[in-house]
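S.K.: Structure for this input, please:
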Amino acid sequence: MTTTTLAVLVPLLPFLGAAAGLLLGRTAPGFVRPLAVLPTLAAVVLAVLVAVRQGGGKAIDAATQLTPTGSVPIDLALHVDGFAALVAVLVGVVATCVQIYSTGYLREDPRYPSYAALVSLFTAAMLLVVYSGDLMVLLVGWEVMGICSYFLVGHYWETPEARSASLKAFLVTKLGDVPFLLGLFALAADAGTFRITGVLGAVATGGLDHPTVIALLLLAGVAGKSAQFPLHTWLPDAMAGPTPVSALIHAATMVAAGIYFTARLLPVFAASAAAMTVLAVLAAITMVGSALAALAQDDIKRVLAYSTIGQLGYMAGALAVGDRGAAVFHLLSHAAFKALLFLAAGAVIHAAGTNSLTAMSRTGGLAKRIPDAYWTMTVALLALAAIPPFAGFFSKEAVLVAAEHTALGDRTVAPAGAGWTVLVAGLLTALLTAAYALRLWLRTFRGRGPEAPDYGRQPIAMTSVLWVLAVPSLGFGLTVRYLPDWFDGHDLAPTLTTAVLGTGLAVAGAAVTYAVWRTLAARAPAVPTPHVAHPDADAGLVEAEALHLPHPAEDPADPGRVLLGPLHRPAADGFHLDAVYRAAFVRPVLAAASLARFLDREVVDTYVRGAAGSAKGLGWLVRRAQTGNLQTYLSALLAGSVVLAIAAVALANAVAGA
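M.R.: Next up, the predicted model:
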């Protein structure tokens, strides 16, 4: 079987699994779990074979024209280079882990069949984006992921939080997709093709007439999809969906799509110094702002959500300084430990027995009860904090090294100012990341929160996946020296300067956080254990009520309150960006809608009702004249004849007199 055929089957298998799952979910429920796991697992095997055959060498290209358009053709094209091969393996591995994990986490959920099918469709859409060699075909996968995220985030549609979160995710990402679509059309118009190889060839020969406009339009879509400032506000709210979905979105699909797209078309963005500078500034704001927000959150999943935004900022920063190898390296590394973090958080939720106990101030005594989640989450948090030799250290250092080279003028792909911006923001974020990572670990596993009831041992499908993901979280960074050809041949090894600065700041952030936590923990009173009746321990979906616990913002044992000081409340609320958007966009739109409704009801409908009333009145008059009495008709005919005769005589006299 040729490599091209194998590559075509990689996204096709999960798609067929999704279609079969939707068709057989109700009629043959016994096939739901095999159809969820096996096609995705087979896609992983094929993706590995494609990666081995591609070997980081020359890209594999194949295409067939879908339909003649009369102008710019649209091809069903395949483009597999080193980046695509590695990212496809990543997507398949994470998706398979999520599907296996979900068989235990959602085994009692009545909507599991549709959930599993949508996860498979989500996976197929991302794989289509990864392997696509045509921008229009890539757009199909891009938009299918948006639809899947809407349904999956809103899986618990009974709750208002899930309904509003799914709608917000859909609308905010669509806000970026509109200029993104315009940018794709403008790019194809300048390059004369939607083929990625043709676009890159046009860039190399200076064939783009409007590089800055095109790059900025495309960046709007990237910011929406990859949750970059200012279109990042949907991602923390998306935590209302099932935790395995959060792992999939944050690690391998959706948010990774924007970064991957930018990496594939980096020469388009690099053709505009202004666009690279804008990307660097947005990445810096995203990194620092999200890290501050993460330090103020009480909900475990919201901490991880803001963490994802910050790590995506690192990837965007690497792209802003022109190093797509560092960006994709961090994308791969981050996917492993972030998927592990979310799935371990799901184990905490499962052990606590209810989503309402995901608040760190409301957990306690879980370290010994769920040792698998405890140890694997520790590994993942160390990787997130970029502590050597964990994977996050090597990939984060690759970003900082790239920024350092650009800042010092060793690389001229991007302006030196962009390099300094990314470097300073990256170092500051390293300090904050270690602080909130240690805060999460201490308050979740070592805090004195109320102990949740014990609901028994967790399913093997959940715990085994955690240990599988712990392996790349620990050791993936060590493999980078053996894969230079997969990353444009660049050496991604850390340098002494950035390693000392980055690790030193991370250790300092962790040390200060630990010291503050010890001081606060010694003073804080013990929190009473709530009495929670949990009727559905396996699904972990039932809300616990009336816990009578202190408000998270007032928790005396939270080191984030001390570290942030007056910034704590605005950071906990995401710096009030949602309020700004409501005032700047939502309220004017609602006011315009109210005005349109008033004009429609009171003006347009008035004319319509008037016209209908006139016709009705005329019909009433005509109906009254139709009595059915012959004498009445003859009398009316005679009277009419007399009137016409009189009028004719009067007219004749008038004419004669004239």
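S.K.: Just the pLDDT for Tyr306.
M.R.: Per-residue pLDDT puts Tyr306 at 96.
S.K.: That one - how many residues pack around it?
M.R.: 26 (other CB atoms under 10 Å). All C-beta atoms are positioned from the backbone trio N, CA, C, and that covers glycine.
S.K.: and what of Val213?
M.R.: Counted with other CB under 10 Å, residues neighbouring Val213 total 18.
S.K.: correct me, but it touches Ala186?
M.R.: Yes: if you go by CB atoms under 8 Å, Val213 and Ala186 touch, sitting 6.6 Å apart.
S.K.: so what secondary structure elements neighbour the helix or strand of the chain at the bottom of the mean pLDDT ranking?
M.R.: Least confident helix or strand, the chain: helix 366-369 with a mean of 77, by mean pLDDT, DSSP states H and E. For helix 366-369, the elements it packs on are helix 324-352, helix 371-384, judged by 3 or more CB pairs under 8 Å, 6 or more residues apart in numbering; DSSP states H and E.
S.K.: quick one: it to chain centroid distance?
M.R.: Between the centre of helix 366-369 and the centre of its chain there are 31 Å (CA atoms, centre = their mean, to the nearest Å).
S.K.: next one: stretch 392-412
M.R.: With CA atoms, centre = their mean, you get 26 Å for stretch 392-412.
S.K.: One more: stretch 18-34?
M.R.: Distance, centroid of stretch 18-34 to centroid of chain: 27 Å (CA atoms, centre = their mean).
S.K.: residues in contact with that stretch?
M.R.: Residues from elsewhere that reach stretch 18-34 (CB atoms under 8 Å, 6 or more residues apart in numbering): 35-36, 103, 112-114, 116-118, 120-121, 124.
S.K.: could you redo the last one with a cut-off of 10 Å?
M.R.: 17, 35-36, 38-40, 99-100, 102-103, 107, 111-125, 148, 461 (CB atoms under 10 Å, 6 or more residues apart in numbering).
S.K.: Report the buried residues of the helix or strand harbouring Leu428.
M.R.: Using DSSP states H and E, Leu428 sits within helix 416-441. By neighbour count on 16 or more other CB atoms under 10 Å, the buried set for helix 416-441 is 418-423, 425-441.
S.K.: separation between Pro230 and Val608?
M.R.: 42 Å (CB to CB, to the nearest Å).
S.K.: repeat for Leu187
M.R.: 46 Å.
S.K.: So between the two, which is more surrounded?
M.R.: Neighbour count, other CB under 10 Å: between Leu187 and Val608, Leu187 has more, with 25 against 11.
S.K.: List the contacts of the more buried one.
M.R.: 135, 193-194, 199, 202-203, 208, 210-211, 213-215, 217-218, 265, 268.
S.K.: And Pro68, by the same measure?
M.R.: Listed by CB under 10 Å, 6+ apart, the contact partners of Pro68 are Ile74.
S.K.: and what of Leu382?
M.R.: Leu382 touches 337, 388-393, 434, 437-438, 441, 473-474, 506, 510, counting by CB under 10 Å, 6+ apart.
S.K.: Give me the buried subset of these.
M.R.: 337, 390-393, 434, 437-438, 441, 473-474, 506, 510.
S.K.: From those residues, pick the one nearest Leu78.
M.R.: Ala391 (29.5 Å; CB to CB).
S.K.: Correct me if wrong: that closest one contacts Leu331.
M.R.: No: between Ala391 and Leu331 there is no contact under CB atoms under 10 Å: 11.7 Å.
S.K.: low-scoring stretches of the stretch 1-150 of the chain, by residue?
M.R.: Within the stretch 1-150 of the chain, the stretches with pLDDT under 70 are 69-70.
S.K.: can you check the stretch 351-500 of the chain too?
M.R.: Using pLDDT under 70, the stretch 351-500 of the chain drops low at 352-358, 361-365, 447-456.
S.K.: hmm, try it at 80
M.R.: 351-368, 446-458, 480-485, 488-491 (pLDDT under 80).
S.K.: my read is Tyr156 is in a helix, agree?
M.R.: No: read with DSSP: H, G, I helix; E, B strand; the rest coil, Tyr156 is coil and lies in no helix.
S.K.: Okay, the residue lying closest to Ala418 once chain neighbours are set aside and Val45: tell me how far apart.
M.R.: Nearest non-adjacent residue to Ala418, counting by CB to CB, 6 or more residues apart in numbering: Ala280, 3.6 Å away. Plainly put, Ala280 is 39 Å away from Val45 if you go by CB to CB.
S.K.: quick one, which of those two is more surrounded?
M.R.: It is Ala280, of Ala280 and Val45, that has more neighbours when counted by other CB under 10 Å, with 27 against 15.
S.K.: Just confirm that one contacts Val413, I think it does.
M.R.: No: at 11.7 Å, Ala280 and Val413 do not qualify as touching, with contact defined as CB under 10 Å.
S.K.: anything in contact with each of these two?
M.R.: 320-321, 406, 419.
S.K.: want to throw the residues you listed into CSV with distance to Val144 and secondary structure?
M.R.: As requested, the shared contacts of Ala280 and Val413 are exported to CSV (distance: CB to CB, whole Å; DSSP: H, G, I helix; E, B strand; the rest coil):
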residue, distance to Val144, secondary structure
Ala320, 28, helix
Val321, 32, coil
Thr406, 35, helix
Gly419, 36, helix
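S.K.: any idea which of those residues has the most stuff around it?
M.R.: Using other CB under 10 Å as the neighbour test, the shared contacts of Ala280 and Val413 are led by Ala320, with 34 neighbours.
S.K.: isn't that residue right up against Ser272?
M.R.: No: Ala320 is not in contact with Ser272 according to CB under 10 Å; the separation is 11.7 Å.
S.K.: list residues touching both of these two?
M.R.: Between them, Ala320 and Ser272 share the contacting residues 278-279, judged by CB under 10 Å, 6+ apart.
S.K.: Done for today, thanks.
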